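> sharing a sequence plus its predicted fold:
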Amino acid sequence: MIETRGLRKSFGDKAVLEGISLTVESGTVFALLGPNGAGKTTTIHILSTRIRADGGEAFVGGHDVAREPDAVRAVIGVTGQFSAVDTMLTGEENLRLMAELQHLERREGRRRAAELLERFELADAAKKLPSVYSGGMKRRLDLAMTLVGKPRVIFLDEPTTGLDPRSRRTMWHIIRDLAADGVTVLLMTQYLEEADQLADRIAVLDRGMIVAEGTPDELKRRIPGGHIRLQFDDTKRLEEAARSFGDAARVEEGLALQVPTGGDVRSLRAVLDRLDREDIAVSDLSIHRPDLDDVFFALTGHQTEMRGEPQ
């Protein structure tokens, strides 16, 4: 549904994209993960025909972004970091205005607005101005406006920035439902958990280049550091386990060992079998795997402004 080949873009003497190549399958959520300035928003602007690339090719819904911009615009919807909601109109009026801009017949526009208000749990606030909406409600209205024309592809640029955890999870549910309905979602985010929870595939961007691509699990498996943590009730059992697991590292805080593992079922079974065979009692066992923050740090060699979920 989305394909780029060697996409390049510079602003003055600053290269923002340096040969981006992506393939996004229909009905999936594809996340572009990276810090500010990595090139995520520039990629969206090119794919949504707002700016032209300096080189390479891009296709959306089978249409060439450079040669067929009108055809591309007909199949996409864009929700940016900042709301496009008109605060002088009610929620319902915003949706009806969008329906008119999409050239829907008036009756169809009213029906579509009512359908979206219900779907996004905004029916009770339909006659109210967005100034009294919560941040989550405004975000849902903004996305509902994007969906008025039933786009096949949606670009979401930081769709949950500034939302509280509950509103963020509501938005996640909506995004999952869109993909389940066959809509292709290209998600730009700085929230690590958001990409992990939503994306079928992730491309990690750094300094205008893709440094890794794969499913969340594939990316995390590329990074060493996974381990099984074994907790013990006393020093004697800890010492027994330490002799058995020679490659395990002692945890300074508490009576525990970290046994290196790939994090798969086979590794866990091997640890359990050894504990059983040597009759070593543990009080607790937990599996730890690298997260996407570990992935980004390992691939780029520097810390980022990437964020976990706000508390």
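Done, it's in. Since we're looking at a predicted model, the values are computed, not measured. Numbering: from 1, shown residues only.

> can you map out the helices along the stretch 151-300 of the chain?
Using DSSP state H, counting those that start in this stretch, the helices of the stretch 151-300 of the chain run over 165-180, 192-198, 216-221, 235-244, 265-277, 292-300.

> ranking these by burial, who's on top?
Scoring the helices of the stretch 151-300 of the chain by mean neighbour count under mean count of other CB atoms under 10 Å gives helix 192-198 as the most buried, with a mean of 21. No exception for glycine: its C-beta is placed from N, CA and C like everyone else's.

> out of the helices of the stretch 151-300 of the chain, flag the one nearest F11.
F11 lies closest, by CB to CB, to one member of the helices of the stretch 151-300 of the chain: helix 292-300, at 21.6 Å.

> quick revisit: redo the helices of the stretch 151-300 of the chain as CSV? Include distance to L104.
Listed next are those as CSV, based on distance: least, CB to CB, whole Å:
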stretch, distance to L104
helix 165-180, 20
helix 192-198, 29
helix 216-221, 38
helix 235-244, 67
helix 265-277, 51
helix 292-300, 40
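
> now those helices in CSV, with distance to E57 and mean pLDDT?
Below are those laid out as CSV (distance: least, CB to CB, whole Å; pLDDT from 0 to 100):
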stretch, distance to E57, mean pLDDT
helix 165-180, 25, 91
helix 192-198, 26, 89
helix 216-221, 26, 86
helix 235-244, 57, 90
helix 265-277, 42, 88
helix 292-300, 26, 74
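
> where in the protein is pLDDT low?
Low-confidence segments of the chain, defined by pLDDT under 70: 81-83, 225, 252, 262-263, 300-311.

> could you chop it up by domain?
2-221, 227-288 (automatic domain parsing).

> ends of the shortest one, what's the gap?
Spelled out, that is domain 227-288. 5 Å (CA to CA, to the nearest Å).

> kindly report the same for the first one.
The first and final residues of domain 2-221 sit 26 Å from each other (CA to CA).

> ok, now stretch 119-131?
By CA to CA, one end of stretch 119-131 lies 21 Å from the other end.

> give me the contacts around it.
83, 85-92, 94, 114, 116-117, 132-133, 137-138, 140-141, 143-144, 174 (CB atoms under 8 Å, 6 or more residues apart in numbering).

> which ones among these map onto helices?
Among the contacts of stretch 119-131, the residues falling in helices (DSSP state H) are 91-92, 94, 114, 116-117, 137-138, 140-141, 143-144, 174.

> which residues pair with L32 across the strands?
M188, A203 (DSSP bridges).

> show me the contacts for I210.
20-22, 203-204.

> need the max-distance pair from these.
S21 and V204 (13.8 Å).

> who's more crowded, the two?
Under the criterion of other CB atoms under 10 Å, the comparison of S21 against V204 puts V204 first, with 23 against 14.

> what's the separation between the more buried one and M1?
Counting by CB to CB, to the nearest Å, the gap from V204 to M1 is 21 Å.

> quick one: buried ones out of the contacts of stretch 119-131?
83, 85, 90-92, 94, 116-117, 133, 137-138, 140-141, 143-144, 174 (16 or more other CB atoms under 10 Å).

> kindly indicate which of those lies nearest T43.
L143 (19.7 Å).

> show me the strands in this protein, by range?
2-11, 14-24, 29-33, 55-60, 63-64, 76-79, 153-157, 184-189, 201-206, 209-214, 227-231, 249-251, 256-260, 284-288 (DSSP state E).

> out of the ones you listed, flag the one nearest L272.
When the strands of the chain are compared (using CB to CB), the closest one is strand 284-288, at 8.2 Å.

> so what secondary structure elements neighbour that closest one?
With contacts defined as 3 or more CB pairs under 8 Å, 6 or more residues apart in numbering; DSSP states H and E, strand 284-288 has these neighbours: strand 227-231.

> for the strand it packs on, name the packing helices and strands.
strand 256-260, helix 265-277, strand 284-288.

> how about those in a markdown table, adding distance to D164?
Rendered in a markdown table, the data for these read as follows (distance: least, CB to CB, whole Å):
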| stretch | distance to D164 |
| --- | --- |
| strand 256-260 | 34 |
| helix 265-277 | 36 |
| strand 284-288 | 28 |
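
> for these, which one sits closest to P69?
Across those, closest to P69 is strand 284-288 (CB to CB), at 47.7 Å.

> who's in contact with that closest one?
By CB under 8 Å, 6+ apart, the list of residues contacting strand 284-288 reads 226-231, 258, 261, 263, 268.

> neighbour-wise, give me the winner out of these.
Ranking the contacts of strand 284-288 using other CB under 10 Å puts L230 first, with 25 neighbours.

> okay, buried residues for stretch 182-195 please.
183-195.

> kindly format the C-alpha coordinates of it as PDB.
The C-alpha coordinates for stretch 182-195 follow below in PDB (Å, rounded to 0.1, in the frame of the first residue of the first chain):
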ATOM      1  CA  GLY A 182      -8.300  -3.000   6.400                       C
ATOM      2  CA  VAL A 183      -7.000   0.600   6.800                       C
ATOM      3  CA  THR A 184      -3.200   0.900   6.400                       C
ATOM      4  CA  VAL A 185      -1.700   3.000   9.200                       C
ATOM      5  CA  LEU A 186       1.700   4.700   9.000                       C
ATOM      6  CA  LEU A 187       2.500   5.700  12.600                       C
ATOM      7  CA  MET A 188       5.200   8.200  13.600                       C
ATOM      8  CA  THR A 189       5.800   8.200  17.300                       C
ATOM      9  CA  GLN A 190       8.400   8.800  20.000                       C
ATOM     10  CA  TYR A 191       6.600   6.600  22.500                       C
ATOM     11  CA  LEU A 192       8.400   3.300  22.700                       C
ATOM     12  CA  GLU A 193       5.500   1.400  24.300                       C
ATOM     13  CA  GLU A 194       3.200   2.800  21.600                       C
ATOM     14  CA  ALA A 195       5.200   1.300  18.800                       C
END
